[in-house]
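Novice: All I have is the shape, not the residue letters:
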Ligand SMILES: OC[C@H]1O[C@@](CO)(OC[C@@]2(OC[C@@]3(O[C@H]4O[C@H](CO)[C@@H](O)[C@H](O)[C@H]4O)O[C@H](CO)[C@@H](O)[C@@H]3O)O[C@H](CO)[C@@H](O)[C@@H]2O)[C@@H](O)[C@@H]1O
């Protein structure tokens with residue numbers, strides 16, 4: 001009887017937690033679990049895999065360890081959504097069971113062949129430890145959930161032969177079709193030690209692939225490329241374009257992941273010759289090379305959402321705590337909030353912005369209009385959680401006299417943010433927001449701007465400073481930085497931050513630069529986390545507007 005009652009109480013508690021009622025009991029134990037950034041109910045997650053929109057349903061797969069909170073036993077977790085905000089979690093779509101994938105079902109992509117036949121291409125580690133490429137198909141294409149996936153009898157479809165390093169051959173991209181009717185994919189590889197390569201493959205049916213004589217691109221400057229993504233962007237607006245689109249007014253983006261960052265280049269792709277000519281500088285390892293995100297954001301993947309004519313991007317946001325913390329929490333890894341991505345007006349970079357559906361979760365709003373923030377100002381935004389909020393703030397500057405000077409030695413934005421942190425007063429800046437701020441500001445995460453005069457132009461620096469984010473020892477408190485390509489004399493300087501328990505995902509200059517950070521506050525949790533706007537420069541700054549919303553919790557629940 002006692003046992004039965006205990007079981008009943010447990011089930012009731014689980015029900016309350018799942019329905020978001022038992023917020024306090026569960027949240028106290030889990031201050032770092034997110035409310036609206038996707039994460040599975042427990043265990044390890046890394047790269048987003050094969051996202052797609054098919055028959056009215058969004059599918060997100062991800063590298064997942066069903067057995068624990070650290071990397072291992074890698075399977076394809078699978079969740080579905082109608083709005084990219086609320087998710088049903090299904091059983092893993094792919095698990096390592098066959099000789100050709102027993103070492104783990106690694107990253108890959110989905111392609112909807114001819115608009116109606118989805119396939120998954122994924123890397124796996126085979127029984128000999130070699131990386132091979134495999135294919136899987138839905139068991140029943142008319143199941144709207146695409147719950148069950150069948151591995152193709154012809155697996156593995158590609159093995160690392162000739163000059164391909166057996167442990168550096170992975171992460172097939174979404175396929176695109178060329179004017180000759182053939183499908184193409186790229187796979188990340190390292191051919192000769194030190195030569196990162198996006199290998200190019202052709203197929204007439206999506207099942208049988210042959211390697212092209214020449215890769216789509218290679219580099220001797222960087223480490224092995226993981227998770228390549230290659231897609232067109234419109235040069236006439238924000239609309240996304242299908243990966244196989246053939247037509248004018250487009251440029252192409254190649255993104256590759258290495259050294260913990262997602263770097264991209266933009267160029268002109270000629271599908272007749274399969275030549276990709278760069279319009280931006282080539283891949284190199286530096287904090288000024290174009291990156292999707294200058295903080296924690298890796299192994300990202302995009303897909304074309306035909307329903308809303310947009311390209312949507314996710315990235316893996318890894319933990320900054322320790323493996324022992326992973327066991328305490330029972331989980332590791334988040335996905336960024338899905339972002340729309342498009343080409344900027346200058347065509348020199350991409351712009352990213354949280355998908356509009358996020359607005360569904362906005363609850364209580366606080367609005368502040370036009371205030372002068374004198375040097376040394378600190379203003380609390382009352383009624384807004386500093387741990388679960390969507391914050392938009394717009395600043396403008398005038399005159400711009402007595403600016404701090406910047407020279408060529410100061411070209412690394414991350415280093416500059418480290419040197420000139422939130423407590424180092426300049427003339428214009430630091431100004432921005434403090435989130436996860438404890439009562440006496442012992443803990444605070446500062447996202448801010450600072451304006452400099454460079455040799456030829458103004459430089460607007462955006463920083464996310466985690467150095468005081470937690471009184472805990474042993475968690476990462478790195479500071480991140482990026483330059484914003486805008487003119488501070490004429491353009492407004494805007495910041496949007498999505499704050500969610502242990503993540504701060506920030507968009508500067510309406511999405512010109514993104515910085516994602518992880519934080520593990522001890523004091524500034526739940527209702528103890530405050531939000532402030534501040535100006536720690538000597539010059540006044542105008543805050544044109546501030547709009548902040550407390551955010552409701554998204555429903556991320558198992559499918560019955
Ligand atoms: O899950 C496999 C897919 O993930 C990718 C891209 O994330 O490859 C990751 C890789 O290593 C996983 C591993 O850690 C190492 O890589 C991480 C990120 O690339 C680093 O952050 C970490 O410091 C590295 O040690 O993750 C575990 C710990 O985080 C560790 O046990 C793993 O080695 O998977 C490949 C196989 O191990 C390895 O070659 C990659 O670096 C993608 O490329 C894979 O498809």
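Specialist: Structure received. Nothing here was measured: the structure is a model prediction, and the numbers come from that model.

Novice: avg pLDDT for stretch 283-300?
Specialist: Across stretch 283-300, pLDDT averages out at 91.

Novice: same deal with stretch 429-446?
Specialist: The model assigns stretch 429-446 a mean pLDDT of 97.

Novice: One more: stretch 463-472?
Specialist: Mean predicted lDDT for stretch 463-472 stands at 98.

Novice: so where's this structure shaky on pLDDT?
Specialist: 1-28, 193 (pLDDT under 70).

Novice: Give me every residue in it lying close to the ligand.
Specialist: Within the chain, the positions lying close to the ligand (Cβ under 6 Å from any ligand atom) are 46-47, 63, 71, 74, 106-107, 123, 170-171, 226-227, 299. Placement of C-beta: from N, CA and C, glycine included.

Novice: would a markdown table of those with distance to residue 265 be doable?
Specialist: Formatted as a markdown table, these follow (distance: Cβ to Cβ, whole Å):
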| residue | distance to residue 265 |
| --- | --- |
| 46 | 24 |
| 47 | 20 |
| 63 | 25 |
| 71 | 29 |
| 74 | 29 |
| 106 | 24 |
| 107 | 20 |
| 123 | 23 |
| 170 | 20 |
| 171 | 17 |
| 226 | 16 |
| 227 | 15 |
| 299 | 17 |
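
Novice: With adjacent residues omitted, what lies nearest to whatever residue of the stretch 201-350 of the chain ends up closest to the ligand?
Specialist: Closest contact between the stretch 201-350 of the chain and the ligand, by Cβ to the nearest ligand atom, is at residue 226 (3.6 Å). Leaving aside its chain neighbours, residue 226 sits nearest to residue 257 (4.3 Å; criterion: Cβ to Cβ, 6 or more residues apart in numbering).

Novice: same deal with residue 314?
Specialist: In space, residue 314 is closest to residue 48, 4.0 Å off (Cβ to Cβ, 6+ apart).

Novice: before we move on, the earlier item: hang on, isn't the residue of the stretch 201-350 of the chain closest to the ligand packed against residue 260?
Specialist: No. Judged on Cβ atoms under 8 Å, residue 226 makes no contact with residue 260 at a distance of 10.4 Å.

Novice: For beta bridges, what are the partners of residue 267?
Specialist: residue 252, residue 278 (DSSP bridges).

Novice: Now do the helices in the stretch 201-350 of the chain.
Specialist: 323-329 (DSSP state H, counting those that start in this stretch).

Novice: how near is residue 329 to residue 360?
Specialist: Applying Cβ to Cβ, to the nearest Å, the value for residue 329 to residue 360 is 27 Å.

Novice: about what we covered before: out of residue 226 and residue 260, which sits in the busier spot?
Specialist: Between residue 226 and residue 260, counted using other Cβ atoms under 10 Å, the more crowded position is residue 226 (21 against 10).

Novice: which ones are touching the more buried one?
Specialist: 107, 170-171, 188, 256-258, 299 (Cβ atoms under 8 Å, 6 or more residues apart in numbering).

Novice: Can I get the buried part of the residues you listed as one PyMOL selection?
Specialist: Burial among those is assessed by 16 or more other Cβ atoms under 10 Å; the matching PyMOL selection reads:
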select buried, resi 107+170+171+188+256+257+258+299
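
Novice: What is the most widely separated pair among the contacts of residue 226?
Specialist: With distances taken as Cβ to Cβ, the most widely separated pair in these is 107 and 258, at 13.8 Å.

Novice: Where does the stretch 401-550 of the chain get nearest to the ligand, residue-wise?
Specialist: The ligand sits closest to residue 476 of the stretch 401-550 of the chain, with a gap of 12.0 Å, by Cβ to the nearest ligand atom.

Novice: give me every residue that touches the nearest residue to residue 104 once chain neighbours are set aside.
Specialist: Taking Cβ to Cβ, 6+ apart as the measure, residue 104 lies nearest to residue 74, with 3.6 Å between them; neighbours along the chain are not counted. By Cβ under 8 Å, 6+ apart, the contact list for residue 74 reads 63-65, 96, 104-106.

Novice: Going by distance to the ligand, which of those wins?
Specialist: residue 106 (3.2 Å).

Novice: from what I can see the closest one touches residue 64, true?
Specialist: No. Judged on Cβ under 8 Å, residue 106 makes no contact with residue 64 at a distance of 11.4 Å.

Novice: for residue 469, helix, strand, or coil?
Specialist: coil (DSSP: H, G, I helix; E, B strand; the rest coil).

Novice: ok, it to residue 390 distance?
Specialist: Counting by Cβ to Cβ, the gap from residue 469 to residue 390 is 19 Å.

Novice: quick one: which of these two has more around it?
Specialist: Neighbour totals were compared for residue 469 and residue 390, and residue 469 leads with 30 against 24 (other Cβ under 10 Å).

Novice: show me the contacts for the more buried one.
Specialist: Applying Cβ under 8 Å, 6+ apart, we find residue 469 in contact with 436, 443-445, 477, 517, 519-521.

Novice: That one and residue 422, how far apart?
Specialist: The gap separating residue 469 from residue 422 is 11 Å, by Cβ to Cβ.
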